[in-house]
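J.: here you go, sequence then predicted model.
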Amino acid sequence: MKYALVLVNIKGLGVKTFSYIVPDEMQGIAKIGQAVLVPFGRQGLINAFVVGFSDYLPEGIRAKKINRILDETPLFSIKYLKLLEWVANYYCTDFVTVLNAAIPMKLIEKNSKTEQSVVLINDNFEGLTKRQKEVLELLKTEGKSPLIEFEEKAKTTRATMKKLAEAGYVKIELEYVYRNPLTIFKDVEVEPLFELSPDQQSVYEGIKDKLKSPNPILLHGVTASGKTEVYFKLIKDVLDSGKNVLFMAPEIALASQLTKRLARKFGIKDVAIWHSSISDGEKYDVWQRLYNNEIRILAGARSAVFAPLQNIGLIIIDEEHEGAYKQTNPAPRYDARVVARRLAQFHQAPLLLGSATPDVSTYYFAQNNNNIFQMLKRFNNAPLAKPEVINMQEYGKAAYRSIISKPLQTEIKEAVENGKQVILLMNRRGFSTYTQCKACGTVVECPDCSIPMVWHADGKKLKCHYCSKEMSFPDFCPQCGSDALSNSGSGTQKIEILVKELFPEYRVERIDSDILTKKNAHIELLGKFQKGEIDILVGTQMIAKGLDNPNVTLVGVISADTGFSVPDFRASERGFQLLTQVAGRAGRGEYKGKVLFQTYNPDYYAFQTAKSQNYNKFFETEIKARQEFDYPPFSQIIRLILSSQNNFRAEKSAMEIAMRLTTMTEKFGFTEYLETLGPTPCIISKINGYYRFQILIKNKLSQKGHDFVSKFMNKITLPKDIKLAIDVDPLDIL
Ligand SMILES: [Zn+2]
Ligand SMILES: [Zn+2]
C-alpha cells in the first residue's frame, strides 16, 4: 500500500484525517493503530495514528512522507476500527466524528516513550526548606509518578525538581510509568463472593444456559432483588474461562461505586474504570493496559463501550433503561446499548441487560427471543413498599393546599423522630417553574430559547435550563409593563426551603444538577446521607438511582405527575420508571418502608401500575399503544432537526427535505413502511437563538429502511446557515 490515512489533532482544526506516503523502508512494517510522526505545515513534525491504507490519493492532493514510526506496537486493531465504522454508518455521521469520541486525545497527541518519571531516593529531609519538604513528602506518599503530573499536583516547577535531583533527593528517569491506580481503590480489601440464594442460583443457572444466545439476555429484577450477586457469579465464570468482562453503569457515580465493588471481589490489579471524567493521562494508561490485555474487568459509563478491552467474554449493562446510555449531543448520537450489542457480536460474547424497569423495547425483544429472567422478590424478602396516593385534587381542604400536604408532613415527622431518614423527590430543579405576569398572563421566556426562564433562589437569578442564560428578575412585564410578576410552580429549591421552614430542627440537604458545578459535591452529599448525617434529602431523579440506604423508611414524591404530561411517546415509560425506581429506595433494610405519591391524576394507567409496581401490567398496556401508533419497538425512529437563526429559512429547508424524502419513498414503493412526518416546529421551537424544525421518519423496514435514509441524507447539501442534526433512535422528540 502506497498511502496511509492518518489521524491528527490540530489546534483550531480538531481531529482530522490526512493521507501520507508510506516510504519504502516502512513498507510491511507500518500497521493500522500505530503512532507515527508526520510533517504538518508550519507546525513541523506532529504525532498521528495510522487508521487506513490505500493505493490511490484523493484527486488534487499532494502527499508528504511519514517521517517515522514511533511505536511498532499498534494501539488499536482493524476490528476496532470496523466497529467505529459501523457506528458512523448506523448513526449517519462521519467516521472522524466517531473516532474523535472514541479515542482519547492524549493518545493522538503524545508519545509515551518521551515521558519522564520521578522517584524519591533519599527520605532524610533534614536541612531542607518547609516547601521542599512538602514536595518530597507528597512524592513519598504518591510513589513513582509521571513528572509533569507530579509537578502539577505538588504545585512546583521543573527547576525545583531539577534542584532536588541534583541534591540527590529524587531521581528523574526517562521511563514511562502508569499512574497510580485511581484513588477510588483506597482502602479496598478483597472479600469472597457471597453464596447465592436458591432464587439467585436458579436465575444464574438459567442465564448460564443462554450465554450462547446471539440475542441480548434481560435480567428483570426488582430493586434490591440481588442482581449484583448473579452478575458477580457470571463474571467469575468468564474470568475462569480466560476471557474478560465489560460492565457498564449509566452514570459516573454509579460506575465508581461498581468499580470499588468489583475490586473488592476480584482484586484491584485486574479492574479498571473508564468514563468521560477520568483524566486524559489515566485514559492513556488504561488504554495501553487494555490493549496489552492486562485488564480483566473494565467498569465504566457510556463511553467505556469504545475502550479497547480485549478478548471479551461477557458484556453487562446494568440499569439498562437509563437514558444516560445515549449520547444526545454532540454527534455521534450513539446509544451504548446498541454499540455494545454490535461489540458482543464481534467477540461472539453474550450481552446481559439488567433493570428493575426495563426499556419497553428491550423487554419486547427479549420476550420474543425467550431470553428474560425475572427476580420479582427482594433478596432479603423485605416486602416492596406499596406506594400510597395522596390525591391533591379531591380534597379542597386546607391540608392539601401546601405543596407538602399535611399527611406527608405527618409521615416525615414520624420517620425522623424515629431516627429514620427521608427522601423527597421533586423532579424539577430551580425554585419555581415559571415567572408569569398576573395582569396579562405573559410567561417570561429566555430570549434565545422558547422556554420559560426558571427562578433560582440561591443565586437570585432567572436561568434558562437550555442555554444557561441568566438574568435578574424583571421589575416590569416585558409585554404590558405591569409590575405584577410572580413565580409559579415549584422546583427542588422551593421544596428545600419549605422543608427547612416546616422542620427547622431537622438536617435537610438538596441534590440536583445545580450542585454538580462543585466537583464531587454530589458524592459527598450521598456519603453524608449514607452515614446518617442528613435526615431529609430533597432532590431530582438523581436521588432515585442507586441509593441503597437501609435506614430510609419514607420516600415522598412531591409531584408524581411531573413527567407523565411531557408530549413525548416515551413519557409514560419514563414516568413509570422514575416512580418505581424512587419507590425502591424505601425499606431496603429491616425496617418497613413507606412511599407516598402526591398527585392530581390518580387514575392514569402508568401511574396506577407504578403505584402497584407492576411492570408486566404496565408493559402490556404500553406495548399496545406503541403498536397502534407504530412507535418503537414497532418502528425505528430517525429524527432530523433543521435549525437556523432565521425562522423562515429553517422551515423552508425542512420542507424541501421532507418533500424530496416523500417523493423518493414513493418512487421506491416504500411509502407504507417509511413514514415521513412533518416538518413541524419542534416542541422546544427555539434553542440558543436557533429556530428548530423536525422531520420524524418511522422506519418499519429495519436495515433496508435505515440504509435508504442514510443514503438519502448523504446526498443532501444544505446552505451554510442551516444546521442539520440526525438522531437515530432519539431519546425524545421534544
Ligand atoms: Zn403583562
Ligand atoms: Zn436559553
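T.: Looks like it arrived, so ask away. Numbers count the residues shown, from 1 in each chain. Ligands and ions are numbered 1, 2, ... in the order given.

J.: for the rest of this, base every contact and every neighbour count on C-alpha atoms.
T.: Noted.

J.: which non-adjacent residue is nearest the residue nearest to the spatial centre of the chain?
T.: Residue closest to the average C-alpha location in the chain (Cα atoms, centre = their mean): A324, at 3.5 Å. Nearest residue to A324 in three dimensions, chain neighbours excluded: P250, at 5.5 Å (Cα to Cα, 6 or more residues apart in numbering).

J.: phi, psi of that neighbour?
T.: Taking degrees, to the nearest 10, you get phi -70, psi -20 for the backbone angles of P250.

J.: and I29, helix, strand or coil?
T.: Following DSSP: H, G, I helix; E, B strand; the rest coil, we place I29 in the coil state.

J.: please name the nearest non-neighbouring residue to it.
T.: E72 (7.6 Å).

J.: just the pLDDT at that neighbour, thanks.
T.: At E72, the pLDDT value in this model is 79.

J.: tell me the spacing between it and P104.
T.: To P104, E72 is 19 Å away according to Cα to Cα, to the nearest Å.

J.: more neighbours: these two, which one.
T.: Taking other Cα atoms under 10 Å, E72 and P104 do not tie; P104 has more neighbours (19 against 13).

J.: correct me, but that one touches Y284?
T.: Yes. Taking contacts as Cα atoms under 8 Å, P104 lies within contact range of Y284: 7.0 Å.

J.: please list all residues in contact with the residue nearest to the centre of the chain.
T.: Contacts for A324 (Cα atoms under 8 Å, 6 or more residues apart in numbering) come out as 250-251, 302.

J.: pLDDT on stretch 364-381, on average?
T.: Average pLDDT, stretch 364-381: 91.

J.: my error: substitute stretch 536-552 in the last question.
T.: 86.

J.: what distance do you get for Y604 to ligand 2?
T.: Counting by Cα to the ion, to the nearest Å, the gap from Y604 to ligand 2 is 32 Å.

J.: and the gap between that residue and E388?
T.: The gap separating Y604 from E388 is 15 Å, by Cα to Cα.

J.: same deal with P23?
T.: 74 Å.

J.: around ligand 1, pick out the residues from the stretch 451-600 of the chain.
T.: Residues of the stretch 451-600 of the chain lying close to ligand 1 (Cα under 5 Å from the ion) are 477, 480.

J.: what is the neighbour count of the closest residue to P358 other than its chain neighbours?
T.: Nearest residue to P358, sequence neighbours excluded (Cα to Cα, 6+ apart): H321, at 5.2 Å. H321 has 24 neighbours, counted by other Cα under 10 Å.

J.: hmm, D359 and H321 touching each other?
T.: Yes. Contact criterion Cα under 8 Å: H321 and D359 qualify, at 4.6 Å.

J.: before we move on, the earlier item: would you turn the contacts of A324 into TSV with distance to G28?
T.: Output for the contacts of A324, formatted as TSV (distance: Cα to Cα, whole Å):
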residue	distance to G28
P250	42
E251	43
R302	36
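
J.: looking at those, which has the most residues close by?
T.: R302 (26 neighbours).

J.: any regions of the stretch 151-300 of the chain where pLDDT drops low?
T.: By pLDDT under 70, the weakly predicted segments of the stretch 151-300 of the chain are 174-187.

J.: now I412: which helix or strand?
T.: Assigned by DSSP states H and E, I412 belongs to helix 406-417.

J.: surely G52 is within a helix?
T.: No. G52 is assigned strand when assessed by three-state DSSP, not a helix.

J.: hey, where'd the strands end up in the stretch 151-300 of the chain?
T.: 170-173, 217-221, 244-248, 271-274, 297-300 (DSSP state E, counting those that start in this stretch).

J.: now these in TSV, with mean neighbour count and distance to ligand 2?
T.: Listed next are the strands of the stretch 151-300 of the chain as TSV, based on neighbours: other Cα atoms under 10 Å; distance: least, Cα to the ion, whole Å:
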stretch	mean neighbour count	distance to ligand 2
strand 170-173	18	51
strand 217-221	24	39
strand 244-248	26	33
strand 271-274	25	32
strand 297-300	27	32
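
J.: a markdown table for those, including distance to I534?
T.: Output for the strands of the stretch 151-300 of the chain, formatted as a markdown table (distance: least, Cα to Cα, whole Å):
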| stretch | distance to I534 |
| --- | --- |
| strand 170-173 | 46 |
| strand 217-221 | 29 |
| strand 244-248 | 30 |
| strand 271-274 | 29 |
| strand 297-300 | 29 |
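
J.: between those strands, which one is closest to T97.
T.: Nearest of these to T97, taken as Cα to Cα: strand 271-274 at 19.7 Å.

J.: output the closest one as CSV, nothing but the C-alphas.
T.: As requested, the backbone C-alpha atoms of strand 271-274 are provided in CSV (Å, rounded to 0.1, in the frame of the first residue of the first chain):
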residue,chain,number,x,y,z
VAL,A,271,-10.1,-4.0,37.4
ALA,A,272,-10.1,-0.6,35.7
ILE,A,273,-12.6,2.2,35.3
TRP,A,274,-13.5,4.2,32.2
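
J.: which residue ranges make up each domain of this protein?
T.: 3-111, 116-175, 185-375, 388-427+495-625, 432-489, 636-728 (automatic domain parsing).

J.: tell me the contacts of the closest residue to E251 other than its chain neighbours?
T.: Spatial nearest neighbour of E251, chain neighbours left out: A301 (5.6 Å); criterion: Cα to Cα, 6+ apart. The contact partners of A301, by Cα under 8 Å, 6+ apart, come to 248-252, 255, 274-276, 325.
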